[in-house]
Structure formats: structure tokens, C-alpha cells
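A.B. asks: the amino acid sequence is not available; the structure is as follows:
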């Protein structure tokens with residue numbers, strides 16, 4: 001069991017372990033990300049209005065908070081190694097004390113932190129919508145739930161109206177305490193703002209003195225878990241997060257769920273999965289996750305749907321760094337296979353027209369263009385300098401990498417060859433494995 005293993009590790013080392021417990025950090029982060037997803041799924045949140053940078057920011061915050069929480073957990077466990085007199089406890093006594101410590105960290109404290117993450121992510125997302133609509137709705141009104149459970153200090157805040165840009169909301173924007181259920185209402189007009197000099201405003205607990213929408217965090221840096229945190233912990237958290245993301249892709253059930261996953265986990269921006277088949281949305285997310293895990297230098301790229309000219313399967317707009325896709329690719333495999341068959345018959349070769357016959361290969365091909373541009377065509381320039389004999393073998397990867405295309409694209413010459421080589425590398429095709437060693441050496445150095 002996870003907790004038992006962690007207790008034994010602390011006992012064996014007789015000190016705070018040098019490394020965080022990766023599985024415990026993932027467990028905490030998983031719980032808090034569930035809370036974030038719950039908050040972003042509330043009825044008053046429109047996920048399409050929520051800025052992707054905000055979602056990435058709160059995701060990073062959740063991971064680092066989880067790491068800090070695990071460090072303090074390990075530290076408290078190590079403190080329990082000795083009794084009040086400073087004498088080393090027996091393992092039986094230590095295990096008993098450790099049980100009480102872990103009951104707090106994975107029990108009552110975790111439950112309170114989960115509820116706070118739901119409320120904070122919801123209100124943070126709501127702030128994005130408030131800012132979007134502030135010209136038409138320039139005022140905010142503080143609202144409590146209005147029942148008998150509302151704490152007295154929050155009753156004092158109930159009904160206060162101030163402008164959206166007023167610094168009042170830097171301190172009093174909800175939630176303002178553990179299990180706070182307060183919210184705000186956006187107004188188009190209010191005759192007179194509340195005179196704060198005539199109200200005795202309450203003190204907000206120190207760790208809640210922030211605006212989640214402005215700061216982009218669920219758990220603020222003033223939280224006690226961050227006290228005395230070693231400098232090595234953030235780097236450990238980043239490595240644990242990287243491993244978890246690489247291993248943790250799960251297929252979404254709806255386009256909205258796939259869009260939310262993309263905002264939480266990808267650097268690449270997807271404009272919207274609305275109207276996109278769930279099969280295509282999942283395959284795009286899966287492909288992008290693989291690309292971002294494999295490529296050293298990720299370009300800032302946007303994926304947009306239904307803006308394609310002609311009959312192309314997909315396109316890359318070099319001027320906008322934008323990948324254009326169709327919304328439904330149920331017949332894409334058949335169409336590419338048909339193109340491959342006609343290409344082979346016409347050219348009397350076993351060379352395919354395009355590598356791969358599904359949506360994943362297509363997105364990897366188009367992303368290859370984005371990456372080619374982003375890196376300043378560095379890989380192309382290296383490959384272009386190779387002897388013609390080797391370049392001819394590069395052209396043989398597919399019809400799209402052919403020599404006539406290589407020399408006919410002006411400033412973007414060789415673009416299709418690079419895109420096909422990128423695709424071949426990502427799907428580890430047999431044709432990539434057959435390339436000359438020097439070519440694979442050049443290509444591989446651009447990947448992790």
C-alpha cells in the first residue's frame with residue numbers, strides 16, 4: 001500500500017527522504033485536478049471563455065502544491081520518528097503516530113483542499129468571463145448563499161457593489177475561507193457603488209488574500225505547505241508532472257471534455273472541438289501529447305477547423321502558424337489509402353503517397369510544417385547539405401517527399417519532405433528505420 005511504503009521509507013532512512021514520493025504527488029495532483037475539472041464544469045462557467053494560459057497556470061499550481069504537500073507530509077512523518085523526550089520510537093509506535101499524520105493529509109485536510117480547489121477554479125474561470133464582459137457589465141456585486149450557515153464576516157460583505165477594476169476584488173474576491181460558498185454577480189448598471197468607508201470590512205485569512213482569476217492559482221504561495229520548502233522540490237515536481245502527463249492520456253467521452261483536456265495538458269492551442277467528432281478530437285489530443293513529449297522545441301501553434309481550401313486532408317498556414325483540419329475524418333483512411341494505391345499504380349513503385357493512413361499521421365504531418373518553420377528550417381538546411389545520393393533516399397520516404405516537390409516550393413522548398421520525415425519519425429515507420437544513419441542522426445537530435 002502506498003502509505004505503508006512511504007512510512008517504511010521514512011523509518012528506514014531515519015530522516016526526510018531526499019526525493020518526493022512520486023506516486024503520492026500524482027495521487028494528490030489527480031485529486032486536485034478532478035476538483036479543478038469539477039469547478040470548470042459548473043453551470044456558470046463557459047469553458048470556451050476560459051483562457052488557455054489560465055488553465056495551464058492553475059494546472060502547474062496544482063502540481064507544485066501537491067509536491068509541497070507531500071514534502072510537508074514526509075517532514076511530519078520524519079518528526080514522528082522520535083518522542084517528546086527525543087528518543088527514537090519503536091517501529092510499532094512510529095507506525096501508530098504516522099497513521100494519525102497520514103489521516104490528516106489524505107483525509108480531512110485533503111477533503112477541505114478539494115472543496116477549496118473546486119470553488120477557486122470555478123471563481124477563477126468566472127473572472128475570465130467577467131473581464132470579457134466588463135465593458136457591457138462594469139460592476140460586481142458580492143453575494144453569499146444567504147442561509148444560516150453563512151459566516152458573520154461574509155454576511156458583512158454581502159451586497160457590496162464595486163467596479164470590476166476596483167482593487168477591492170484583489171482582496172475580497174471569493175472564496176474567502178475554507179468551504180466558502182460566496183460568489184459575485186456582474187451588473188450592467190448600479191446607481192451608487194458601496195461606500196467602503198461606511199462598512200467595517202472583515203479580515204480575510206492570509207492564505208485567501210488573492211484573486212484566483214488574476215493570479216492564475218488555486219492554492220496561493222502564502223499557504224503553509226510552502227514554508228521552508230527546499231529549492232530542489234520544484235524541479236522534482238516538474239519531472240513527476242512530465243512523467244504523469246506522458247503516461248496519463250485518457251480518451252474523452254465528449255468534444256467538450258476533449259477540449260478541456262487539451263487546455264489543461266497541451267501547449268498547442270485548439271480553437272474549439274465544438275462540432276468535431278469525438279474520435280477525431282481524441283486522436284488529435286493523443287497525437288499532440290506524443291509530439292509535445294518527443295520534440296525539444298515546441299512551436300506556438302493553433303489548430304482550427306473547417307477553413308480548408310479545396311480537397312486537402314489538412315493544411316498548414318505558414319503566415320498564421322495555424323493547422324487547418326476538417327471536423328470529421330471518418331473516411332480519411334480510405335481516402336489516403338485510395339491515393340496511395342493510385343500513386344503506386346501510376347509510378348510503378350511500392351513507395352506510399354503519404355505515410356500513415358489515419359488522423360494521427362495527418363496531424364503529425366501538418367505539425368511537422370509548424371515545427372519546420374519554428375526551427376528556422378534548421379533540419380532542412382542540414383539535410384539539404386547532404387550528398388545527392390543520400391537525399392534521394394530521403395525523397396523515397398513518400399510521394400510527398402519527392403524530389404520534384406523538394407525543388408519546386410521556393411522559400412519553403414522541401415517542406416513536404418520535412419513534414420513527412422517528421423511524421424515518419426513520430427510513428428516510427430519502417431521507412432524511417434531504412435534511412436541512412438547520417439540522416440537519422442540529423443533528425444534524431446531535434447527530438448528528446
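C.D. replies: Good, I have the coordinates. Everything numeric in this text was worked out from a predicted model, so none of it was measured.
A.B. asks: SS state for residue 142?
C.D. replies: State at residue 142, reduced to three classes by DSSP: H, G, I helix; E, B strand; the rest coil: strand.
A.B. asks: how many residues are close by it?
C.D. replies: As a burial measure, residue 142 scores 23 neighbours (other Cβ atoms under 10 Å). All C-beta atoms are positioned from the backbone trio N, CA, C, and that covers glycine.
A.B. asks: cool, residue 399 as well?
C.D. replies: If we define neighbours as other Cβ under 10 Å, then residue 399 has 23 of them.
A.B. asks: pLDDT score for it?
C.D. replies: Note for residue 399: predicted pLDDT of 73.
A.B. asks: and the gap between it and residue 434?
C.D. replies: When distances are taken as Cβ to Cβ, to the nearest Å, residue 399 and residue 434 turn out to be 16 Å apart.
A.B. asks: what's the answer for residue 227, then?
C.D. replies: In this view, residue 227 and residue 434 are 57 Å apart by Cβ to Cβ.
A.B. asks: who's more crowded, the two?
C.D. replies: Shown here are residue 227 and residue 434; by other Cβ under 10 Å, residue 434 has more neighbours (12 against 9).
A.B. asks: starting at the chain centroid, how far to whichever strand or helix holds residue 153?
C.D. replies: With secondary structure defined by DSSP states H and E, residue 153 is part of helix 152-157. Mean-position distance between helix 152-157 and its chain equals 36 Å (Cα atoms, centre = their mean, to the nearest Å).
A.B. asks: equivalent analysis for stretch 49-67, please.
C.D. replies: Averaging C-alpha coordinates over stretch 49-67 and over its chain gives two centres that are 7 Å apart (Cα atoms, centre = their mean).
A.B. asks: and stretch 106-114, by the same measure?
C.D. replies: Averaging C-alpha positions (Cα atoms, centre = their mean) puts stretch 106-114 23 Å from its chain's average.
A.B. asks: contact partners of it?
C.D. replies: The set of residues external to stretch 106-114 that reach it, using Cβ atoms under 8 Å, 6 or more residues apart in numbering, is 3, 27, 28, 31, 32, 34, 35, 69, 178, 179, 219.
A.B. asks: and those residues, which is closest to residue 158?
C.D. replies: Among those, residue 179 lies closest to residue 158 (Cβ to Cβ), at 16.7 Å.
A.B. asks: and the residue nearest to the closest one when sequence neighbours are not counted, how far from residue 369?
C.D. replies: Leaving out its chain neighbours, the residue that sits closest to residue 179 by Cβ to Cβ, 6 or more residues apart in numbering is residue 115, at 5.6 Å. For residue 115, the distance to residue 369 equals 45 Å [Cβ to Cβ].
A.B. asks: so where do the helices sit in the stretch 201-350 of the chain?
C.D. replies: Assigned by DSSP state H, counting those that start in this stretch, the stretch 201-350 of the chain shows helices spanning 212-215, 233-247, 255-265, 278-294, 332-347.
A.B. asks: for the third one, give the mean pLDDT please.
C.D. replies: Helix 255-265 shows an average pLDDT of 80 in the prediction.
A.B. asks: run through who's touching it.
C.D. replies: Outside helix 255-265, the residues within contact range by Cβ under 8 Å, 6+ apart are 33, 36-37, 40-41, 47-48, 50, 52, 55-56, 59, 245, 250, 252, 268, 270, 272-278, 281-282, 284-285, 288-289.
A.B. asks: nearest residue to the middle of this structure?
C.D. replies: For the chain, residue 265 is the residue whose C-alpha lies nearest the centre (Cα atoms, centre = their mean; 2.2 Å).
A.B. asks: can you give me the strands in the stretch 1-150 of the chain?
C.D. replies: Under the criterion DSSP state E, counting those that start in this stretch, the stretch 1-150 of the chain carries strands at the ranges 139-143.
A.B. asks: for it, which segments are assigned as helices?
C.D. replies: Counting by DSSP H, counting those that start in this stretch, the segments of the stretch 1-150 of the chain that form helices are 2-13, 22-40, 52-79, 91-103, 109-132.
A.B. asks: could you export those helices to a markdown table, including columns for mean neighbour count, mean pLDDT and distance to residue 187?
C.D. replies: Written out in a markdown table, the entries for these read as follows (neighbours: other Cβ atoms under 10 Å; pLDDT from 0 to 100; distance: least, Cβ to Cβ, whole Å):
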| stretch | mean neighbour count | mean pLDDT | distance to residue 187 |
| --- | --- | --- | --- |
| helix 2-13 | 16 | 90 | 49 |
| helix 22-40 | 20 | 87 | 23 |
| helix 52-79 | 21 | 92 | 23 |
| helix 91-103 | 15 | 93 | 45 |
| helix 109-132 | 21 | 92 | 11 |
